[in-house]
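Novice: curious how this folds, go ahead:
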Amino acid sequence: MRDLLLFGIIVGLIPFILRRPWLGVVAWFWIGLMVPQAHTWGFMRTFPLAMLIGGVTLAALVVNRDRRNLPMTREMVMMFVLAAYMTMTTYFAVYRSGAWAQWESVMKILLMTFVTPMLIFGPRRIVWVILVTVVSLGFYGFKGGLFTISTGGSYMVLGPPRSFISGNTYIGLAMVMVLPLILVTARFFNERWFDLGWPLKQSWYKGIGLGFYAMFWLTGLAIIATYSRGAWLGLLAVAPFVFLRMRRKWAIVAAAVLALGVVGIAAPDRMVERWQTIGGYEEDTSAMQRIQSWGANWNMAVERPLTGMGFRNVEMGYAWWISYANFEGYWRHALSPHSIYFQMLGQHGFGGLFVFLTLIAFTWLTLGRIKRQAKKADQKWLSEYAWAIQIAFIGYLVSGAFLDVAYFNLVYAFIALAIIMRRELDETAAFSPAQYRPVSLPAGTQAIGAGARTQGVAAVGGMHVRRD
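Specialist: The predicted model follows:
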């Protein structure tokens, strides 16, 4: 039944996407982040949903005029550089066939990242993309939080089976990244920043906002119940920024003191033991495996500093891998770089890591600029969401130090949103009332409305005028 329902939804979306291509971006984000096919049991489990929706979206982009030019910002340029650099390292990869297969998957993510700014513009479309992103991952936070409460936190929260975020560490990272966006989305509806249009009625906004507040707190619980030390460190990194942004801080502190000191709510023993292993990492096998892996990838980058070993270097086998390690240990384990930084080093060398971090740094700086200038321009929704994505990157960079998630599609979705939001801010500033100052028109000219398209139009002092 689930298979037929999902199939019907996908088939039903196709004509809408062909008519309005931007809906294809929204659908692609939903499929890529929520992975709805993971909840089916039949033919839809292996159905290429992302490929289908992506193909339909690209076809609609070609035949439909509802699009914008590709904004060549510094982030966009760096993504082209990253794509080119990964292509070069794949050509020199040690495991050529597997590397090209992984290259194809990463290029699909980058392709949709390039397409997104062409189809997503205007406040409503931007917020709808963010809303779908928040709901797609917040669903697991909401569900996981309820599961944590019902079981007393005794069991581990996991992601959807047979998906990229199925493991506790990966779903934990995803929830850490989306947590600040859930908070801002709750405020968006609670304060009714603007109308999103059909199918949401403004009379529903208050209730929807309360639902997102519930999702925020339940997602926080779910992150803790993943038992992922990487996710815990990411949560610790974003928590101070989120706390400072919250209202009624003292009420939250008082509730925490009441729960811990008076009622006596305590973490399960298993969770406490897991936390204590962070300090005593030398005695923890999992931690030592990571250190071994980091050393191996560092040595690979030293041997091939410009090209690295290419995608899927782990498939060269244990004997090859361990030859680059500083020590072997007594374990045999699944090979993994266990870090976005060492993943980029081992697969793409120091050059690849530099390009990757430069892309993130540019995005971070752009979000900071949007946050400051949007606040001055009274564009609260832009300022708040820019702040939320900035904090999400903090969580990613901290948790990502322990996870191989350099190609996580949520990261590139946030980069695309930063590019789109920057353009939105610039266009809002360009057409703000302050730009239209009174001017003295030369003889023989006639003022016309801003934005009119006619021959012989010239701009004089911020106004558009026509020469007779």
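Novice: host element of residue 232?
Specialist: Assigned by DSSP states H and E, residue 232 belongs to helix 229-245.
Novice: buried sites along that helix?
Specialist: 229-235, 237-239, 241-242, 245 (16 or more other CB atoms under 10 Å). C-betas here are computed from N, CA, C, even on glycine.
Novice: and for stretch 217-225?
Specialist: Buried, per 16+ other CB under 10 Å, within stretch 217-225: 218, 219, 220, 221, 222, 223, 224, 225.
Novice: what sits against the residue most central in space within the chain?
Specialist: Nearest residue to the geometric centre of the chain (CA atoms, centre = their mean): residue 410, 2.8 Å. Counting by CB atoms under 8 Å, 6 or more residues apart in numbering, residue 410 makes contact with 33, 133, 137, 174, 177, 178.
Novice: go with 7 Å
Specialist: When contacts are counted by CB atoms under 7 Å, 6 or more residues apart in numbering, residue 410 touches 33, 174, 177.
Novice: with neighbour count as added columns, please give those residues in CSV.
Specialist: Formatted as CSV, the contacts of residue 410 follow (neighbours: other CB atoms under 10 Å):
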residue, neighbour count
33, 25
174, 27
177, 28
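Novice: returning to that earlier point: from the buried residues of helix 229-245, which single one is nearest residue 7?
Specialist: Distance ranking of the buried residues of helix 229-245 against residue 7, using CB to CB, places residue 231 first at 33.4 Å.
Novice: state the number of residues packed around the closest residue to residue 165 other than its chain neighbours.
Specialist: Nearest residue to residue 165, sequence neighbours excluded (CB to CB, 6 or more residues apart in numbering): residue 159, at 3.9 Å. By the criterion of other CB atoms under 10 Å, residue 159 has 24 neighbours.
Novice: repeat for residue 152
Specialist: By other CB under 10 Å, the residues close to residue 152 number 11.
Novice: for it, give me the backbone phi and psi.
Specialist: phi 70, psi 20 (degrees, to the nearest 10).
Novice: and the gap between it and residue 343?
Specialist: According to CB to CB, to the nearest Å, residue 152 and residue 343 sit 36 Å apart.
Novice: so where's the longest helix in the chain?
Specialist: The single longest helix within the chain, with elements called by DSSP state H, is helix 340-376.
Novice: pretty sure residue 93 contacts residue 102?
Specialist: No. Applying CB atoms under 7 Å as the test, residue 93 and residue 102 come out as separate, 9.0 Å apart.
Novice: among the two, which residue is more densely surrounded?
Specialist: residue 93 (24 against 20).
Novice: could I get the contacting residues of the residue lying closest to that one once chain neighbours are set aside?
Specialist: Leaving aside its sequence neighbours, residue 93 sits nearest to residue 310 (CB to CB, 6+ apart; 2.3 Å). Residue 310 makes contact with 89, 90, 92, 93, 94, 95, 99, 347, according to CB under 7 Å, 6+ apart.
Novice: what helix or strand is the first one located in?
Specialist: Taking DSSP H and E as the criterion, the element that holds residue 89 is helix 74-91.
Novice: alpha carbons only: can I get that helix in CSV?
Specialist: Below are the C-alpha coordinates for helix 74-91, written out as CSV (Å, rounded to 0.1, in the frame of the first residue of the first chain):
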residue,chain,number,x,y,z
ARG,A,74,32.0,33.5,-5.5
GLU,A,75,30.2,30.4,-4.0
MET,A,76,29.0,29.4,-7.5
VAL,A,77,32.5,29.8,-8.9
MET,A,78,34.0,27.7,-6.2
MET,A,79,31.4,24.9,-6.8
PHE,A,80,32.5,24.9,-10.4
VAL,A,81,36.1,24.7,-9.3
LEU,A,82,35.2,21.9,-6.9
ALA,A,83,33.5,19.9,-9.6
ALA,A,84,36.5,20.4,-11.9
TYR,A,85,38.9,19.4,-9.2
MET,A,86,37.0,16.2,-8.3
THR,A,87,36.9,15.3,-12.0
MET,A,88,40.7,15.7,-12.1
THR,A,89,41.2,13.6,-9.0
THR,A,90,38.9,10.9,-10.4
TYR,A,91,40.9,10.6,-13.5
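Novice: circling back: pLDDT-wise, what's the bottom of the contacts of residue 410?
Specialist: On pLDDT alone, residue 33 ranks lowest of those, at 93.
Novice: gap between that one and residue 239?
Specialist: Separation of residue 33 from residue 239 (CB to CB): 23 Å.
Novice: gap between residue 106 and residue 204?
Specialist: Using CB to CB, residue 106 is found at 39 Å from residue 204.
Novice: which one of those two has more residues nearby?
Specialist: It is residue 106, of residue 106 and residue 204, that has more neighbours when counted by other CB under 10 Å, with 19 against 12.
Novice: are we agreed that the residue nearest to residue 165 is in a helix?
Specialist: No. Under DSSP: H, G, I helix; E, B strand; the rest coil, residue 159 sits outside any helix and is assigned coil.
Novice: thank you kindly, that will do.
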